[in-house]
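Trainee: got a predicted model here, sequence first, then my questions.
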Amino acid sequence: MKVAIILSGCGVFDGSEIHEAVLTMLAVVKNGGKYEMFAPDIPQFHVINHLTGEEMKESRNVLYESARIARGQIHKLSDLQVENFDAVIMPGGFGAAKNLSDLAFKGAQCSVLPELEKIIKDAVGQSKPIGALCISPAVIAKVLKGAEVTIGNDADTVKEIKKMGGIHTETTNSQIIIDRKYNLVTTPCYMLDATILDIANSAEEVVRAIFELCKSKPDFKMEWRSKK
């Protein structure tokens, strides 16, 4: 199995959640798969001092920061061709809600980075499973109308997911939700009060479910038509 992992920076408060990203990589390899990593070549919304939680007066690039996690082995998100992969996974972190979308600021009225939206729709159209951890399921819910997802039990986020037309199922640590219509697997991770072991277990469950969906080879393909 070959998986495309999409990052949004480096660090929970302004980019990808590092534990979720690294443990997703590990889970893919442990289960016999391979991965390539991608991130958009755009400025971060802002930079946060992860020691104090304060905003810093500097700018950083999402791709360059993501390369820290990927040890330099990363590609531009615009180069991701879904047909070259068996599945796509998005770890969480506020970067998903600040850089890959503006969910953190606009809630249900948010928009998703166009290149990411295309990747999500291409994956569904080609029956390629998608995994989403932490806050990322809410981003997916904006693109895939009526998708069933989980972010745990955070009432405010659940409310925004429902406003976007999504279906939310409450879960606890290491649990996953599988939406078979969209081949979508989601888990809450650090949206809950979780330990690093919980994150490892969650990533493992997501990857295992995705690989099972890959093996089942769904017989449907979804076409996306522009509204005129």
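Mentor: Ah, there it is.
Trainee: quick check: beta-bridge partners of the residue nearest to the spatial centre of the chain?
Mentor: What sits nearest the mean C-alpha location of the chain, by Cα atoms, centre = their mean, is residue 90, with 2.4 Å. Here residue 90 sits in beta bridges with residue 132, going by DSSP bridges.
Trainee: that one contacts residue 138, correct?
Mentor: No: at 10.8 Å, residue 90 does not count as touching residue 138 under the criterion of Cβ atoms under 8 Å. C-beta coordinates here come from the backbone N, C-alpha and C atoms, glycine included.
Trainee: still on that earlier bit, list the contacts for the residue nearest to the centre of the chain?
Mentor: By Cβ atoms under 8 Å, 6 or more residues apart in numbering, the residues touching residue 90 are 5-6, 96, 100, 130-133, 136, 139-140.
Trainee: same for the top helix by length along the chain, what does it pack against?
Mentor: Longest helix of the chain, by residue count under DSSP state H: helix 196-216. Applying 3 or more Cβ pairs under 8 Å, 6 or more residues apart in numbering; DSSP states H and E, we find helix 196-216 packed against helix 18-30, strand 87-90, strand 130-133, strand 184-187.
Trainee: for residue 70, which of those is the nearest?
Mentor: Residue 70 sits nearest to helix 18-30 of all the helices and strands packed on helix 196-216, at 8.6 Å, using Cβ to Cβ.
Trainee: so how far is residue 157 from the closest residue to residue 154 other than its chain neighbours?
Mentor: Excluding its sequence neighbours, the residue lying closest to residue 154 (Cβ to Cβ, 6 or more residues apart in numbering) is residue 191, at 5.7 Å. Per Cβ to Cβ, to the nearest Å, residue 191 is found 7 Å from residue 157.
Trainee: ok, now residue 83?
Mentor: Separation of residue 83 from residue 157 (Cβ to Cβ): 32 Å.
Trainee: look at the two and report which has more neighbours.
Mentor: Neighbour count, other Cβ atoms under 10 Å: between residue 83 and residue 157, residue 157 has more, with 21 against 8.
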